[in-house]
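A.B. asks: Next come a sequence and a model predicted from it.
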Amino acid sequence: MSLRFVADWDRIELVRRAVCDSADAVFADECFKDAIGMVASELLENAVKYGANDALVEISVIRSLDDGSDVVEVVVTNEVKAASPSVDALRARIAWLRSFEDPVEAYAAALLSAVEDGSEGGLGLVRVAHEGRATLECDVSQAGRVRVAATCPTPPWEARGANAS
Amino acid sequence: MSDAAVGGEGGQRIMSAAAEKERVVERATARVLLWGGPAKNVVHMAGVIREVNAEEWLAPLLSDIHQTALTRGLKEVELDIRALEYANAALWRALVVWIKQIRERPGTYNLRVTWDRGRRWQEIALTTLRVFGFDPKTGDRVLIEGLQP
């Protein structure tokens, strides 16, 4: 699926639901459906929050079976204001995420940071990596468009969480 | 939840606790029912928490719940998020701040979070949150429990 819309916070929930329904139609897996909806929502929240006002935001959700892999790639593209510090912050956050072997450690560190120094930014991306099991990357075009891609493995996912052995 | 959830001795304290009235807080697509259950110690969250600045109302609300629980001498507060369809990162930041407040008050109440076994996203996030509630002296201050919807 691919959608393009004017940056508007209220539309994010509608898109999240659409992504969930699409994932449900293809995979019929509740856990994956919720996860991929969260990935889309968190990436869109960042695009709307840090992107240029009233600019277009694009999202594509595509299953890729190339090279023997089976993944779903969620890509969000948006325009940013010239010289916006948010691009550097985005790059730094993704680099920081990659410094952890396990995303759950990054998640715990981000939560701790939120408590200890009141840091509010970046937890959404950490959720994408941890809860969505996604690999993140970003690039910026010369035209000032930021593209963030989250690549998620398709289900079935092995059990993970409080009741997992 | 039984009356055992309420601290203190004898029925007077329990009657005092029972006097806490249920109330509902609604923000956009989220709904929070405060002080439900037989022991008036259950907080139900439902709907979708998705606003851009959800912490602006969540943080004071959770802080108020914390203060009320201390004032009432509760032994346990139950946070039931089974009917929560989705929440953005604001909820988890607000919850970890609440858990920190609980840990700073040893010997007071514990937090039990009940989640829907059909919503694994709740479990994944809560598993990490529980770590913040561990006190080496007294053990877990945060318990999580997966239940049927």
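C.D. replies: In hand now; what should we look at? Numbering: from 1, shown residues only, chains lettered A, B, ... in the order given.
A.B. asks: So in chain B, which strand runs the longest?
C.D. replies: As assigned by DSSP state E, the longest strand anywhere in chain B is strand B:76-87.
A.B. asks: next structured bit after it?
C.D. replies: Note on strand B:76-87: by DSSP states H and E, the next helix or strand toward the C-terminus is helix B:89-103.
A.B. asks: Specify the angle between that following helix and strand B:76-87 in degrees.
C.D. replies: 170 degrees (axes from the mean of the first three to the mean of the last three C-alpha atoms, to 10 degrees).
A.B. asks: How about helix B:89-103 and chain A, touching?
C.D. replies: Yes. Helix B:89-103 lies within reach of chain A by C-beta under 8 Å from any C-beta of the partner chain, at B:89, B:92-93, B:96-97, B:100. Every residue, glycine included, has its C-beta placed from N, CA and C.
A.B. asks: Tell me what angle the helix or strand just after that helix forms with strand B:76-87.
C.D. replies: Going down the chain from helix B:89-103, the next helix or strand is strand B:110-116, by DSSP H and E. Angle, strand B:110-116 to strand B:76-87, by the same axes, to 10 degrees: 40 degrees.
A.B. asks: then the longest helix anywhere in chain B to PDB, C-alphas only?
C.D. replies: In terms of residue count, the longest helix belonging to chain B (DSSP state H) is helix B:55-72. Below are the C-alpha coordinates for helix B:55-72, written out as PDB (Å, rounded to 0.1, in the frame of the first residue of the first chain):
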ATOM      1  CA  GLU B  55       1.900  13.400  28.500                       C
ATOM      2  CA  GLU B  56       0.500  16.800  29.300                       C
ATOM      3  CA  TRP B  57      -2.600  15.100  30.700                       C
ATOM      4  CA  LEU B  58      -1.200  11.700  31.400                       C
ATOM      5  CA  ALA B  59       1.600  12.700  33.700                       C
ATOM      6  CA  PRO B  60      -0.600  14.800  36.100                       C
ATOM      7  CA  LEU B  61      -3.200  12.100  36.000                       C
ATOM      8  CA  LEU B  62      -0.800   9.300  37.000                       C
ATOM      9  CA  SER B  63       0.800  11.600  39.600                       C
ATOM     10  CA  ASP B  64      -2.700  12.200  41.100                       C
ATOM     11  CA  ILE B  65      -3.400   8.500  41.200                       C
ATOM     12  CA  HIS B  66      -0.100   8.000  43.000                       C
ATOM     13  CA  GLN B  67      -0.900  10.600  45.600                       C
ATOM     14  CA  THR B  68      -4.300   9.300  46.100                       C
ATOM     15  CA  ALA B  69      -3.000   5.700  46.600                       C
ATOM     16  CA  LEU B  70      -0.500   7.000  49.200                       C
ATOM     17  CA  THR B  71      -3.200   9.000  51.000                       C
ATOM     18  CA  ARG B  72      -5.600   6.000  51.100                       C
END
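A.B. asks: I'm done for today, thanks for sticking with me.
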